[in-house]
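In: Take this sequence and fold it.
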Amino acid sequence: MERRKILLGSGATLATVLAGCSSDETGDESNQNDGSDGSLNGDGNGNGSDDSSESDNTADIPGFDRDKLKLDSEKVTVEDVNKAAKEIDVVATTTTTDPETLFAELESLGPDMKRAITDPEAFAAAVDSVAWVLEKDGAMVMSFTVDVAWATEYINGEMDQAEFMEHVRETADKSH
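Out: Predicted coordinates:
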């Protein structure tokens with residue numbers, strides 16, 4: 001996630017530098033506060049954040065309530081949820097590095113995602129997958145992906161919890 005923040009920040013800085021150069025060279029004092037460089041919200045008042053693309057990614061995900069994405073786990077806690085293109089990135093912290101303990105803690109993942117997906121059709125139209133990264137002390141312990149088709153099948157009762165978790169296990173990358 002840090003790499004994305006660094007890249008976005010350096011892109012905004014480069015855009016600002018380039019905008020300043022073109023303005024100085026041409027003497028054109030046209031309105032540079034149109035929001036196109038990501039530093040403003042487009043109203044020309046400078047009320048936007050320095051990283052509007054990230055704030056857009058954390059704002060609305062159709063059919064999904066990020067506040068309801070809480071795991072029923074004492075060892076895994078959701079820290080950050082972002083949308084990039086048609087993927088949601090979830091970063092969670094954990095107090096364990098044991099893969100079997102983690103999967104036991106993730107047994108509630110189906111019901112937990114079902115609670116957060118408020119409109120399965122809108123969600124499926126906007127998102128293809130949910131990429132999870134579990135970290136302990138800043139180091140990745142495990143990552144896995146939930147295909148939105150699986151989540152939708154689970155929500156609609158077309159897939160049981162055991163089958164859902166088997167699909168998730170198949171995508172797991174354990175760095176431990």
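
In: Helices along this structure, start to end?
Out: Ranges of helices in the chain, per DSSP state H, are 2-26, 52-59, 99-105, 109-116, 120-126, 148-155, 161-171.

In: Extract the C-alpha set from the fifth one and format it as CSV.
Out: Presented in CSV, the C-alpha positions along helix 120-126 are these (Å, rounded to 0.1, in the frame of the first residue of the first chain):
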residue,chain,number,x,y,z
PRO,A,120,-24.7,-7.8,-4.5
GLU,A,121,-25.7,-6.7,-8.1
ALA,A,122,-24.2,-3.2,-7.8
PHE,A,123,-21.1,-4.6,-6.1
ALA,A,124,-20.5,-7.3,-8.8
ALA,A,125,-20.9,-4.6,-11.5
ALA,A,126,-18.2,-2.4,-9.9
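
In: Identify the residues contacting that helix?
Out: The contact list for helix 120-126, computed with Cβ atoms under 8 Å, 6 or more residues apart in numbering, reads 61-64, 83, 86, 117, 148-149, 151-152, 155-156. Placement of C-beta: from N, CA and C, glycine included.

In: Report the rounded mean pLDDT for it.
Out: Across helix 120-126, pLDDT averages out at 95.

In: now the first one
Out: Within the predicted structure, the mean pLDDT of helix 2-26 is 44.

In: what's the domain layout of the protein?
Out: Annotated domains of the chain cover 2-59, 66-174 [automatic domain parsing].

In: Where does pLDDT dip in the chain?
Out: Counting by pLDDT under 70, the chain contains low-confidence residues at 1-59, 174-176.

In: run the last query once more with 90
Out: 1-60, 71-72, 103, 173-176 (pLDDT under 90).

In: With adjacent residues omitted, what lies nearest to Phe144?
Out: In space, and not counting its chain neighbours, Phe144 is closest to Ala172: 4.3 Å by Cβ to Cβ, 6 or more residues apart in numbering.
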